[in-house]
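A.B. asks: Build the 3D model from these lines:
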Amino acid sequence: MSYKKWTGLSITVAAFALASGQTTVNLKSQGRNVDFAGASLTKPFRMGTVLPAGCADGEMFFKANAVAGQNVYACLNGAWVGSTPMPPAAGEGGKVLGSDGTQPAWQALGGDVAGTPGTMAVRALRGKSLGTVDPVDGDWLRWNGVAGEWQATPPESGLVAGNGLRLTGTTLAVEDAVVPLYTTGQGAPSGACTAGRDFYTDTAGSGLWTCGSGGAWRQASLAGHVHGTEQITSGLMALPRGGTNQGSWTAGRCVQVSADGTRLESAAAACGNGGDSSPALPDISKALIWDDFLSGDKSTTASIGTLGWQQQGVGTFTELTSETNHPGLIRMDSTTSATNNTATLHLMRTVGFQRSEMFDLTWIFRVNQADTSMVARVGLLGAATSAYNQPRPSDGIWLEKSASDTTWFWTIRSGGTDVQRIDTGVAVMAAGWVKLRLRRVDSSTLGLTVNNGVELTSAAALPASPCTPWAVVHNGNTANSRTMDVDYFSLTLTGLVR
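C.D. replies: Below is the predicted model of the structure:
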């Protein structure tokens, strides 16, 4: 009875105390199993716009002015730590949770993989696509540069034995029938051998043996070893027989290589007088002249080079020290004595050869300046005495550099008019060697090549006058020394009927 009375009294006192506002309840020590489910309002954290200066671990604070979702702060190790919200999952199906560097974020799979986490598949390697054809057992992965993708590829079909090799299953060996077999020993070889394959060296007698037909060893001839002509019966070693059953040769008689190139034979008919040592006449359907400028007087008119070149103009001609690959050099110099000076080199004076002939002309030369004072022309000139000393004659076919040119031009000139002037595209370079080839391709076409480049062709009408080889250097309207070095000249005429 007394227990119940005290209990009721305690509740009445507590209620009175709460109602009067004079007593504070300490939930930590006085509360137990506190349930706020029925409360109309709860604020479990302190709240404000500025974090308190200090805190004790476990404290919580609601920062009212923080970014929505990041308002709650907790005290850890005596410092406030903000919360990081989880991004909404709605509409982010198939993505994985990652970070954009500042906060969590849903991210789709990318790079070399595709799909969702449950169906993820590798679609590329290092950004290069994988082919769509599934591999089978034994395939290997290979990059196909044409298709631009990695592809499942069957293994190679196998090794292929090249020349001199033999493949048996997976075993690769030397093919005896193709690759020679060399052996050594002392004395003559013995035993069987394979013809055309086996070679033997006698280390004692320094003799070489080969295996001939029938599997028989045969000794090769040593230096100084002599065979009679009757012993040489076939092959290239049978050349002394000449195919005429000659058992001996008479001193001073002529021989020649047979038409099929396999043997020597009597040359009595070619020698023209019963086969004695007189030389055969040259092929009269051809004519050839050339000059390396290794001989002759380099300063006297009609004595320059082997061919005795003529010189015209007030310029000078000087022999230069030879250079590698250019053994004979003649320098043509306009000199500085006056403007419009020329130095001219030519052959055959007024006669020359007919332009209708099948000719092939080569010049190798260089100009030593490439400015507007340098004028140079090399080729063929219309054979007229008065034209030799002109810097630009009325008739001719030549390669030229005029005052304003920076590239070489192919010019065909007739009656004082340029029938043709073609830019070769080859730059004029000071001290740069030029190899000029000018030829008749057929009865109506000329061809010109510079420095072994692409041949230019022309069917332009040609002047009727004969041609003579010709070269000129000219200093234009300035009294400057302009020089050209000539290294080589050749002219071939073919198809002559005489």
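A.B. asks: rest of the way, CA atoms for contacts and neighbours
C.D. replies: Will do.
A.B. asks: Specify the beta-bridge partners of Arg142.
C.D. replies: Here Arg142 sits in beta bridges with Gln151, going by DSSP bridges.
A.B. asks: pLDDT averaged over stretch 90-98, what's the number?
C.D. replies: Average pLDDT, stretch 90-98: 79.
A.B. asks: in that stretch, what's buried?
C.D. replies: Lys95 (16 or more other C-alpha atoms under 10 Å).
A.B. asks: got a list of contacts for it?
C.D. replies: Stretch 90-98 has contacts (C-alpha atoms under 8 Å, 6 or more residues apart in numbering) with Pro104, Ala105, Trp106, Gln107, Ala108, Leu109, Gly115, Thr116, Pro117.
A.B. asks: redo that, cut-off 7 Å
C.D. replies: Pro104, Ala105, Trp106, Gln107, Ala108, Leu109, Thr116, Pro117 (C-alpha atoms under 7 Å, 6 or more residues apart in numbering).
A.B. asks: Pull the most distant pair out of those.
C.D. replies: Pro104 and Thr116 (18.6 Å; C-alpha to C-alpha).
A.B. asks: circling back to that earlier point, pull out the buried members of the contacts of stretch 90-98.
C.D. replies: Judged by 16+ other C-alpha under 10 Å, buried ones among the contacts of stretch 90-98: Ala105, Trp106, Ala108, Leu109.
A.B. asks: does the first one sit in a helix, a strand or a coil?
C.D. replies: At Ala105, secondary structure determined by DSSP: H, G, I helix; E, B strand; the rest coil is strand.
A.B. asks: Pull the contacting residues for it.
C.D. replies: Ala105 touches Pro87, Leu97, Gly98, Ser99, counting by C-alpha under 7 Å, 6+ apart.
A.B. asks: What ranges does the stretch 1-150 of the chain have for its strands?
C.D. replies: 46-48, 60-63, 72-76, 79-82, 96-99, 104-107, 113-114, 121-122, 124-125, 128-129, 140-144, 149-153 (DSSP state E, counting those that start in this stretch).
A.B. asks: now the stretch 201-350 of the chain
C.D. replies: 207-211, 217-219, 255-257, 264-266, 287-291, 310-312, 316-320, 329-333, 342-346.
A.B. asks: Which strands border the last one, and is each parallel or antiparallel?
C.D. replies: What it means is strand 342-346. For strand 342-346, using DSSP bridges, the partner strands are strand 310-312 (antiparallel), strand 467-474 (antiparallel).
A.B. asks: Give me the residues contacting that strand.
C.D. replies: Contacts of strand 342-346 (C-alpha under 7 Å, 6+ apart): 309-316, 332-334, 388-389, 391, 468-475.
A.B. asks: at 8 Å instead, please
C.D. replies: By C-alpha under 8 Å, 6+ apart, strand 342-346 touches 309-317, 332-334, 388-391, 468-475.
A.B. asks: I'd like the distance between Gly138 and Thr457.
C.D. replies: As judged by C-alpha to C-alpha, to the nearest Å, Gly138 and Thr457 stand 60 Å apart.
A.B. asks: So which of those two has more stuff around it?
C.D. replies: More crowded of Gly138 and Thr457, by other C-alpha atoms under 10 Å: Thr457, with 16 against 9.
A.B. asks: Let me see the contact set for that one.
C.D. replies: Thr445, Leu446, Gly447, Leu448.
A.B. asks: returning to what we had before: columns distance to Val25 on top of the contacts of Ala105, output as a markdown table?
C.D. replies: Converted to a markdown table, the contacts of Ala105 look like this (distance: C-alpha to C-alpha, whole Å):
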| residue | distance to Val25 |
| --- | --- |
| Pro87 | 39 |
| Leu97 | 45 |
| Gly98 | 46 |
| Ser99 | 45 |
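A.B. asks: and of those residues, the nearest to Glu400?
C.D. replies: Ser99 (75.1 Å).
A.B. asks: what's near enough to touch the closest one?
C.D. replies: Counting by C-alpha under 8 Å, 6+ apart, Ser99 touches Ala105, Trp106.
A.B. asks: quick one on the thing from earlier: weakest of the strands of the stretch 1-150 of the chain by average pLDDT?
C.D. replies: It's strand 113-114: among the strands of the stretch 1-150 of the chain, that one has the lowest mean pLDDT, namely a mean of 77.
A.B. asks: Same list (the contacts of stretch 90-98) but as TSV, adding distance to Gly162.
C.D. replies: Output for the contacts of stretch 90-98, formatted as TSV (distance: C-alpha to C-alpha, whole Å):
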residue	distance to Gly162
Pro104	64
Ala105	62
Trp106	60
Gln107	57
Ala108	54
Leu109	51
Thr116	52
Pro117	52
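A.B. asks: Which parts of this structure belong to which domain?
C.D. replies: The record's domain parsing of the chain by automatic domain parsing lists 44-84, 166-219, 232-271, 288-494.
A.B. asks: any idea which of those domains is most buried?
C.D. replies: Highest mean neighbour count among the domains of the chain (mean count of other C-alpha atoms under 10 Å): domain 288-494, with a mean of 19.
A.B. asks: what's the closest of the contacts of stretch 90-98 to Thr262?
C.D. replies: After measuring the contacts of stretch 90-98 against Thr262 - C-alpha to C-alpha - the closest member comes out as Leu109, at 78.5 Å.
A.B. asks: Would you confirm that the closest one contacts Gly118?
C.D. replies: No - applying C-alpha atoms under 8 Å, one finds Leu109 not in contact with Gly118, separated by 11.3 Å.
A.B. asks: who's in contact with the residue lying closest to Ser414 once chain neighbours are set aside?
C.D. replies: In this structure, Ser414 finds its nearest non-sequential neighbour in Asp395, 4.5 Å apart by C-alpha to C-alpha, 6 or more residues apart in numbering. Asp395 makes contact with Leu381, Gly382, Ile412, Arg413, Ser414, Gly415, Gly416, Pro463, Ser465, according to C-alpha under 8 Å, 6+ apart.
A.B. asks: hmm, back to that, among the domains of the chain, which comes closest to Asp134?
C.D. replies: Closest approach to Asp134 among those (C-alpha to C-alpha): domain 166-219, 28.8 Å.
A.B. asks: Need the distance between the two termini of the closest one.
C.D. replies: End-to-end distance for domain 166-219: 29 Å, by C-alpha to C-alpha.
A.B. asks: And for stretch 58-71?
C.D. replies: So stretch 58-71: terminal residues 16 Å apart, C-alpha to C-alpha.
A.B. asks: ok so, going back, wait, which of the buried ones among the contacts of stretch 90-98 is closest to Val178?
C.D. replies: Leu109 (61.2 Å).
A.B. asks: How much space separates the closest one from Ala53?
C.D. replies: To Ala53, Leu109 is 43 Å away according to C-alpha to C-alpha.
A.B. asks: Same check on His326?
C.D. replies: Distance from His326 to Ala53, by C-alpha to C-alpha: 96 Å.
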